[in-house]
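Engineer: Just need the structure, nothing else, for what follows:
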Amino acid sequence: MIPCHALVTGGSHNIGKAICERLTADGIPVIVLDNSPPDHDSYDVFHHVDLSDARATTQCLAEITATHEITRLVNNVGIVAPAAVEEVTLDQFETILNTNARAALLCTQALLPTMKTYKFGRIVSTASRVVLGKQLRTSYSASKGAILAMSRTWALELAAHGITVNCIAPGPIATSAFWENNPPDSTRAKAIIQGIPLGRMGTPADIAHATSYFLDERSSFVTGQVLYVCGGLTVGLAGS
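Structural biologist: Here you go, the predicted model:
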């Protein structure tokens, strides 16, 4: 029998919370890695870890894989630090890449032995529509672009082992992180919402639904893909 535990990074709040809730509803036990405790109860195990710290992350993963067989991975963690290109600092750039991209690599490497043993695995990483271009996102877009490129590479390398690798690329999603970077009454926030063809912000549940599809055992013929969950924003602008 194939073990069904799922590991979700950044699973304590917002999109990560919704993913954990959906997986729990799907009957999949969840292990959460985050730097703050979950504000929900849709998980079996929680590990407090700074995912920007390679040593701490590697140690945490070693402890988890010693006691749990995990065949589903959601590389969801993501931090944003909006800044014009002239204002980006190296420390900021490295922290964002380490948290968003390097942690995905470390988690994937740690779980691959079990996935290969069972000839089954599902890896889903949260990218972003910013990979297509967005102002003030040099560091964030670099990290999410890396996620996209790595996932395509892994899809080719791991296909023979029954492991699929795909990405979800959210558009504007109503999370605390979005509103922190785009205050509700700001001109920027209003312009973003007005430009969404479906006429509304996305919800964390929208992302969780798409993630659930990629993690399903029946999604075995889909790999190396990116699904934009963006209300049509990546197709074009509404009203233009």
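Engineer: Let's see the longest strand along the chain as CSV, backbone CA atoms only.
Structural biologist: Secondary structure of the chain read by DSSP state E shows that its longest strand is strand 163-170. Extracted C-alpha coordinates of strand 163-170, given in CSV (Å, rounded to 0.1, in the frame of the first residue of the first chain):
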residue,chain,number,x,y,z
ILE,A,163,6.7,10.8,-9.9
THR,A,164,4.9,13.8,-11.3
VAL,A,165,6.0,17.4,-10.8
ASN,A,166,3.7,20.4,-11.5
CYS,A,167,3.3,24.0,-10.5
ILE,A,168,0.4,26.2,-9.5
ALA,A,169,0.8,29.9,-10.4
PRO,A,170,-1.7,32.0,-8.4
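Engineer: partners of that strand, with directions?
Structural biologist: According to DSSP bridges, strand 163-170 forms sheet pairs with strand 121-126 (parallel), strand 226-229 (parallel).
Engineer: Let me know which of these is the nearest to residue 219.
Structural biologist: Closest approach to residue 219 among the strands paired with strand 163-170 (Cβ to Cβ): strand 121-126, 7.5 Å. C-beta coordinates here come from the backbone N, C-alpha and C atoms, glycine included.
Engineer: Helices of this protein, residue ranges please.
Structural biologist: 14-25, 54-67, 90-97, 103-118, 138-158, 176-181, 187-194, 204-215 (DSSP state H).
Engineer: Next, the buried residues of the fifth one.
Structural biologist: Yep, that's helix 138-158 we're talking about. 138-148, 150-152, 154-155, 158 (16 or more other Cβ atoms under 10 Å).
Engineer: Could you check the angle that helix makes with helix 103-118?
Structural biologist: 20 degrees (axes from the mean of the first three to the mean of the last three Cα atoms, to 10 degrees).
Engineer: returning to that earlier point: which one of the helices of the chain is the most hemmed in?
Structural biologist: helix 14-25 (a mean of 23; mean count of other Cβ atoms under 10 Å).
Engineer: what's that helix packed up against?
Structural biologist: strand 5-9, strand 30-34, strand 70-75, helix 204-215 (3 or more Cβ pairs under 8 Å, 6 or more residues apart in numbering; DSSP states H and E).
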